[in-house]
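Novice: Sequence plus predicted model, see below.
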Amino acid sequence: MKLLLRFDSRTVTEPVLSKTTLKTGALINILRASVGARRGEILIEVDDEKAKEVENILKEEGVEVIELLEAVQKDDEKCVHCGACVSICPTEAISFNGEKRVIVNAEKCVHCGACVKVCPTKALSLPL
Amino acid sequence: MVKTIEEINQKIREENVVVVTAAEMKEIVEELGAEKAAKEVDVVTTGTFGAMCSSGAFFNFGHSDPPIKMQRVWMNDVEAYTGIAAVDAYLGAAQLSETVEEYGGSHVIEELVKGREVELKATAYGTDCYPRKEIVTEISLEDVNQAVMLNPRNAYQRYNAATNSSDRILRTYMGTLLPNFGNVTFAGTGEISPLNNDPEYRTIGVGTRIFLCGAKGYVIGEGTQHAPPYGTLMVKGNLKEMKPEYMRAAYFPGYGATLFVGIGIPIPILDAEMARFTAVRNSEIETKIIDFGVARRDRPVVRKVTYEELISGKVEINGEEVRVSPLSSFYMAEKIMKELKRQIEGGEFLLTAPVDRIPTKEVLKPMRQREIKVVKSVMVETYTISPDTPIEEAARIMIDKGINHLPVVENDVLVGIITSWDIAKAVARTKKGVVREIMTRRVIYTHPDEPVEVAARKMEKNNISALPVVDSKKRVLGIVTSEDLSKLIAR
């Protein structure tokens, strides 16, 4: 399960993720992080069975937690399958299928938005 | 064995013509050989679907009452060219809206093809025969007399692929190019692209009937910049008959508007030679990967590459695997080939023989320019200082010499730069010490032979006002400032 964590000016200075691991024993994989002085956003991945527990602890710590169930969204009415996004995706989550249509692998997507910015037909968007 | 186009058309009318797509034809020729394949197959359909900026449409809006001789005209605030008769205008796909971001002529064309209305606005100087001076109204494709797509350059046979050696992201007409050879983009559909299947232009010529964005269109000649084997076509078709699914307005971030145009061309298999031509493979179609990190007309060639390698999704550059994006849609190209095949098999689409050939030899000339102004002609001598110079002394040099920038040099090599602003900041923080502590280490610089426009864009992009000029060993030769450049460029 992928969880998007939003930190405010207080929580951003706390070692929240380490605390969560110590309390739950869950292994937390950080997929993407942007941490500033007053706020931060971190995308983590945890085992599905531990997800609820991790989520609760983080919420207790004052972190906003959003479950990411979907990858970047592609509007197939707009997509012409040109593949401009394919080489831009840092995690190789976007590829062509056998029919030469552009497809997104939700497992690999880290919601970085790089593809959203390059799409010439504005077919891509982040679900949040 | 020789077939004529009339014989093929007779078969189309009788609905017993044999049509295959270009993708299928490769296998057929490999299996049967060219002679036999030419007997079996009558028509091969080819297709491409790519961003083609050199596209647009002619309109005749009909006359208003009282009549107007349009001097300037806008469709949804995108300006069209009307330096022709009173209510004729050409709307270019790449022209940008004056009011809406990321919207251009291609979007107006798409809206019209989707059956929507657009706002038509025009101004004029007024004459005895055309007294009206302005008009604002709404129009749809049903309202106008003619709406003719006319594209000066489409269907590139092959195209240079793009990469980026520089250390910053580039937003180009070849899509977004990641720094340090981060990716490669290419255009064209290779072995299924129309002109690659008729490289001698035997059957594709003036008057060839084609599939253009869902309508029947025509080749009206070679396209602009036609330079075989980088051949191009000029095409036209009735916008009113086009289908939105076979075209798409696009906006390449940081570059501008363009139009995805869908083109299908039927190739009559007149003889074994045509069968051989249509058997061409991606591995035989070569192009170059060029470096957009160099902002010049003649960009350096990074390497040669085949369409087979490009389509594989990965190419090697400097020993590393680099991922590739096509910018043409192979899915759409395939769909077009199949649709054209269906139309021919159904007797709806007859072939035409070209009434004239397009050139098989042509060169692409550069622009004749008065001169190319380079940095050498505007750079001035500069003082340089060592990184161990005290900040106070650097300040004194700036005041004495009346300058705002001092390149910092160590062992004859540029290692930093300080500006009067850096010094002001240091003073404000009552910082004492040497230049090394406050200098900018990542210096943006230029070369004596760099065109002044390129140097100016570097300054604009980085929001700086001067560039040290260095030689190939990074020794400082002088400096150019934005004031010097702007005087020159504005002139």
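Specialist: Arrived safely.
Novice: Going by C-alpha atoms from here, please, whenever you check contacts or count neighbours.
Specialist: Noted.
Novice: Around chain A, which positions in the stretch 301-450 of chain B sit nearby?
Specialist: B:323-332 (CA under 8 Å from any CA of the partner chain).
Novice: Repeat that for the stretch 1-150 of chain B.
Specialist: Contact residues (CA under 8 Å from any CA) of the stretch 1-150 of chain B with chain A: B:Gly50.
Novice: closest point of the stretch 1-150 of chain B to chain A, which residue?
Specialist: Using CA to the nearest CA, the single residue of the stretch 1-150 of chain B nearest to chain A is B:Gly50, 7.7 Å away.
Novice: thought B:Ala456 was touching B:Ser482?
Specialist: Yes. Using CA atoms under 8 Å, B:Ala456 is in contact with B:Ser482, at 6.9 Å.
Novice: and these two? which has more neighbours close in?
Specialist: Neighbour count, other CA atoms under 10 Å in any protein chain shown: between B:Ala456 and B:Ser482, B:Ala456 has more, with 22 against 16.
Novice: Can I take it that the more buried one is in a helix?
Specialist: Yes. B:Ala456: assigned to a helix according to DSSP: H, G, I helix; E, B strand; the rest coil.
Novice: returning to that earlier point: of the residues of the stretch 301-450 of chain B next to chain A, which is the nearest to A:Leu126?
Specialist: For those, the residue nearest A:Leu126 by CA to CA is B:Ser325; the value is 20.9 Å.
Novice: The closest one - nearest residue in space that isn't next to it in sequence?
Specialist: Counting by CA to CA, 6 or more residues apart in numbering or on different chains, B:Ser325 lies nearest to B:Thr185, which is 4.7 Å off, once chain neighbours are set aside.
Novice: what do you get for A:Leu43?
Specialist: Nearest to A:Leu43 is A:Leu4, by CA to CA, 6+ apart, at 4.5 Å.
Novice: next one: B:Asp484
Specialist: Using CA to CA, 6+ apart and skipping the chain neighbours, the partner closest in space to B:Asp484 is B:Val378 (6.9 Å).
Novice: now B:Phe277
Specialist: Closest residue in space to B:Phe277, ignoring its immediate chain neighbours: B:Asn197 at 5.4 Å, by CA to CA, 6+ apart.
Novice: try A:Cys82
Specialist: That would be B:Ser329: by CA to CA, 6+ apart, it lies 4.1 Å from A:Cys82.
Novice: Any idea how many residues pack against that neighbour?
Specialist: Residues lying near B:Ser329 (other CA under 10 Å) number 27.
Novice: rewinding a little: return the set of residues that bridge with the residue of the stretch 1-150 of chain B closest to chain A.
Specialist: For B:Gly50, the beta-bridge partners under DSSP bridges are B:Val261.
Novice: residue contacts, it?
Specialist: Listed by CA atoms under 8 Å, 6 or more residues apart in numbering or on different chains, the contact partners of B:Gly50 are A:82, B:155, B:187-188, B:259-262, B:327-329.
Novice: In the stretch 1-150 of chain B, where is pLDDT below threshold?
Specialist: Residues of the stretch 1-150 of chain B meeting the criterion pLDDT under 70: B:1.
Novice: for the residue nearest to B:Ser325, what are its contacts?
Specialist: B:Thr185 makes contact with A:84, B:161-163, B:174-175, B:177, B:324-327, according to CA under 8 Å, 6+ apart.
Novice: Following the chain past the helix or strand harbouring it, name the next helix or strand.
Specialist: Per DSSP states H and E: B:Thr185 is located in strand B:184-186. Elements were assigned by DSSP H and E; along the chain past strand B:184-186, the next helix or strand is strand B:209-212.
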